[in-house]
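Asker: Got a predicted structure here, sequence first:
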Amino acid sequence: MRRTPIRVLALTAAGVALVATLVTGALDAQGVRLPKVAWVEWVAILALAGLIFWMGWAVRAYQKGKRPSLDPLRAARTFVLAKAGALTGAILVGRYLASVFDVAGDLGISSQRDRAIAAGIAVLCSAVLAAVGVIVERFCELPPPDDEAERDRDHGTEPLAG
C-alpha cells in the first residue's frame, strides 16, 4: 500500500466542506439547525489519534531496533488504521468547517459564537487526527532494500546478467 497524499486529504476536506455547507444551507432554509458540537466529540477524536499514534510508535520502535519483535500483521493493521485515521480526519475537518461556515454570519450572537468556537475546536482536533494518520503511515513504511539483488527480488524482477 502507498501512503496517503496530502493533496488527497486536502481535496477530501474541501469537498466535504462544500457538500456539507450546501446541506446545512438547505436545512437552514427549512428552519433546521445542527446542534452544537459536543466536547465528547473532541475527546473521541483525540483518543483515536492517541491510539493510532501509540500503535504506530510500537512499529517505529521495532524498525529502529528498540523492540525485539513485531508481528507483521500488526504492522500492516497499524498502517491501515493510520490511513483510515488520516482520511477520517480529513472528512471530519470538512464536516466541522461547514458548521463554522453555517454560523459565520452570526458571530455577534453569543450562542452562535459558542457554536462556532466548538466547531472550530473540532476542526483542530480532526486536523490532529489526519496529521497523526499521515505520521504513523510514515512510521510503518519499510526502508528500501540495501542491496541490488534484494531490491530486484522485491520488485519481481531478476537481476541483469552482466
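Answerer: All right, it came through fine. Residues are numbered from 1 along each chain as shown.

Asker: Tell me which residues of the longest helix seen in the chain come out buried.
Answerer: In the chain, with assignment by DSSP state H, the single longest helix is helix 72-103. Taking 16 or more other CB atoms under 10 Å as the neighbour-count basis, helix 72-103 is seen to contain the buried residues 75, 78-79, 81-83, 85-103. From N, CA and C alone the C-beta is placed, and that goes for glycine too.

Asker: Show me what it is packed against.
Answerer: Packing partners of helix 72-103 (3 or more CB pairs under 8 Å, 6 or more residues apart in numbering; DSSP states H and E): helix 6-29, helix 39-63, helix 110-139.

Asker: quick one: low-confidence ranges for the protein?
Answerer: For the chain, residues meeting the criterion pLDDT under 70 lie at 1, 143-162.

Asker: Chain neighbours aside, what residue packs nearest to residue 89?
Answerer: Distance criterion CB to CB, 6 or more residues apart in numbering; nearest residue to residue 89, sequence neighbours excluded, is residue 130 at 2.9 Å.

Asker: does residue 41 really touch residue 122, like I thought?
Answerer: Yes: between residue 41 and residue 122 a contact is recorded at 5.8 Å, counting by CB atoms under 8 Å.

Asker: between those two, who's got more neighbours?
Answerer: It is residue 122, of residue 41 and residue 122, that has more neighbours when counted by other CB atoms under 10 Å, with 23 against 17.

Asker: what about residue 33, neighbour count?
Answerer: Neighbour count of residue 33, defined by other CB under 10 Å: 14.

Asker: Quick check: the gap between the closest residue in space to it that isn't next to it in sequence and residue 20.
Answerer: Among residues not flanking residue 33 along the chain, residue 27 sits closest, at 7.3 Å (CB to CB, 6+ apart). Taking CB to CB, to the nearest Å as the criterion, residue 27 is separated from residue 20 by 10 Å.
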